[in-house]
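1. Sequence plus the predicted model coming up.
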Amino acid sequence: MKSTLIVFLFGLWSVLGIAAETDQGSLSYSGSRGDQNLSLQTETMRTEYRWVQVPYQERVCRTETRYRRECRQEPPRRQCRQEPPRRQCRTVNKPVCRIVNGRRVCRDRPVRVCRDIPGRRVCRDIPGRRVCRDVPYQHRVCRMETRYRQERRAYQVVDRRTYANINFNFRTVGDTFGIRSDIRANLDREFLTIRTEDFSSPRRALVYSLVDSRDQRGRDTHITKSYSVRVISAHELFRPLDEVMTSSEISNGLMTFELGLMEHPSDTKLALRVTSGPVLFDRELSPSDFQLNHDGSKTQVAIDLARLLGNDYSGRELSIEFIVRVPRESLLNSNQFSKFEKRELFNRVWR
C-alpha cells in the first residue's frame with residue numbers, strides 16, 4: 001500500500017509539471033548532421049513560516065442610521081427683487097463734415113452714446129410645489145460578519161532555481177552507417193553531469209570541444225553548454241596506441257618514430273622526455289615541434305632534437321621516452337575506453 005502511494009504521488013508530481021531537485025533528459029544520435037538540444041530545470045525548496053489571516057464568522061449587532069422620505073406642500077408665493085441703476089452704452093454712426101478744396105465733405109464715424117437707466121423693482125409669481133427630503137433615524141441591525149485572526153503556518157517555497165540548456169552539434173567523419181550514440185544529462189540541484197554511451201558497430205569515439213557559461217541571476221543559476229561533437233572511428237583514433245612503436249637512431253640531431261597510422265592528428269597528443277643523467281627535455285610537443293609523414297598503414301614522426309634541446313650532444317647516449325596520448329577529457333564516451341596513452345623508452349647514441 002505504501003509503495004502504491006509513493007508511485008501515485010510521483011506520477012501526480014510529473015503530470016502537474018512540478019519541478020524537483022533533480023531533472024534528467026536524453027537524446028540519441030544516429031548519424032544525421034545537425035543540432036540537438038536538452039533543457040533541464042530544478043528547484044530547491046525550503047520551509048518558510050508565515051503569519052496568515054484566517055477568516056471566521058461572528059454575529060455582530062449595531063445601530064445603523066437609516067433614512068425615510070418626508071414630503072410637504074409649499075404654498076404659492078410672490079418673489080420680488082430690486083434691480084440697481086445701470087448705465088447702458090451703444091455705438092452709433094454720426095456724420096462728421098469738413099471743407100475740402102472749397103466744398104463740404106461729410107463722412108460717418110462711430111460715436112459711443114450712453115444713457116443712465118434708473119433702478120427698478122422686479123417681481124415674479126412662484127407657484128406652490130411639493131418638497132421632499134430624507135430624514136435620518138436609528139435602527140438596530142444584527143448580522144453574521146467575516147472576521148480574521150492571525151495564525152502561523154508552514155509553507156514550502158522555492159529557495160533557488162537552476163536552468164540548464166545543453167546544445168549538441170554533431171558531425172560524423174566517414175561512414176554514418178550503423179551509428180547510434182545515447183546521451184543522458186542529469187541535473188542534481190545545480191550540478192550537471194553528462195554520460196554518453198556509443199552502441200555503434202563498429203565502435204565510434206565522440207570527440208568534443210565545449211563552450212560553457214554559468215550565470216548567476218539573483219538566486220537563480222543559468223547553465224549553458226554548447227558541445228561541438230565529431231563522431232569518428234574509435235579504431236582509427238586509437239590505432240597509434242594499439243600498434244608497435246619503433247624509432248630510428250639519432251642522426252645529426254634528427255630522430256624519427258614510427259607508429260600506427262595517425263588518421264586524426266589534431267585529436268592525438270605527443271610528448272617527449274629526454275634524459276642523460278639530468279632531465280634535458282620534458283614536455284608535450286606542439287605541432288611546430290615535429291613533422292608527420294604517412295606511409296601506408298604507418299605514420300613517421302620526425303623530431304629535430306638539436307633544435308628542441310638547444311645543444312649538440314654528439315657521442316652521448318640519451319634516454320628518450322616518446323609518449324602518444326589520446327586525451328581522455330576530449331571524449332564524451334571516455335568511460336567506454338581503457339587505454340589512453342602509450343609510452344616507449346629508447347636508448348640512443350647521438351651520432
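-> The structure has been received and is ready for your questions.

2. Report the beta-bridge partner residues of the nearest residue to residue 159 once chain neighbours are set aside.
-> Once flanking residues are discounted, residue 159 sits nearest to residue 46: 4.2 Å by Cβ to Cβ, 6 or more residues apart in numbering. The way it works is simple: take the backbone N, C-alpha and C, and place the C-beta from them, glycine included. Under DSSP bridges, the beta-bridge partners of residue 46 are residue 157.

3. burial of residue 46, as a residue count?
-> 10 (other Cβ atoms under 10 Å).

4. That one against residue 219, yeah?
-> No: assessed by Cβ atoms under 8 Å, residue 46 is found out of contact with residue 219, at 10.7 Å.

5. Need the residues touching each of those two.
-> The contact sets of residue 46 and residue 219 overlap at residue 159 (Cβ atoms under 8 Å, 6 or more residues apart in numbering).

6. Next one: the closest residue to residue 284 other than its chain neighbours from residue 290, what distance?
-> Nearest residue to residue 284, sequence neighbours excluded (Cβ to Cβ, 6+ apart): residue 271, at 4.5 Å. Separation of residue 271 from residue 290 (Cβ to Cβ, to the nearest Å) stands at 11 Å.

7. out of these two, which sits in the more crowded spot?
-> residue 290 (19 against 16).

8. Contacts only, for that one.
-> With Cβ under 8 Å, 6+ apart, residue 290 has these contacts: 270, 301, 302, 303.

9. Counting neighbours, what do you get for the last one?
-> Okay, so that is residue 303. 23.

10. Output the below-cut-off pLDDT ranges for this protein.
-> 1-19 (pLDDT under 70).

11. That one: helices as residue ranges?
-> For the chain, the helices defined by DSSP state H occupy 2-15, 234-242, 305-309.

12. Show me what the last one is packed up against.
-> If you count contacts as 3 or more Cβ pairs under 8 Å, 6 or more residues apart in numbering; DSSP states H and E, helix 305-309 packs onto strand 254-260, strand 269-275, strand 279-284.

13. most neighbours per residue, which of those?
-> Mean neighbour count, computed with mean count of other Cβ atoms under 10 Å, is highest for strand 254-260 among those, reaching a mean of 20.

14. Can you check what angle separates that one from helix 234-242?
-> 130 degrees (axes from the mean of the first three to the mean of the last three Cα atoms, to 10 degrees).

15. quick one: strand 254-260 to strand 269-275, angle?
-> Using the same axes, to 10 degrees, strand 254-260 lies at 130 degrees relative to strand 269-275.

16. Count the neighbours of the closest residue to residue 53 other than its chain neighbours for me.
-> Closest residue to residue 53 apart from its sequence neighbours, by Cβ to Cβ, 6+ apart: residue 148 at 4.1 Å. Number of residues near residue 148 (other Cβ under 10 Å) recorded here: 10.

17. And the one 10 residues further on, by the same measure?
-> Applying the criterion other Cβ under 10 Å, we find 13 residues in the vicinity of residue 158.

18. and what of the one 10 residues further on?
-> By the measure other Cβ under 10 Å, the count of residues near residue 168 is 24.

19. Residue 322 now?
-> 22.

20. now do residue 200
-> Residue 200, neighbours per other Cβ under 10 Å, totals 22.
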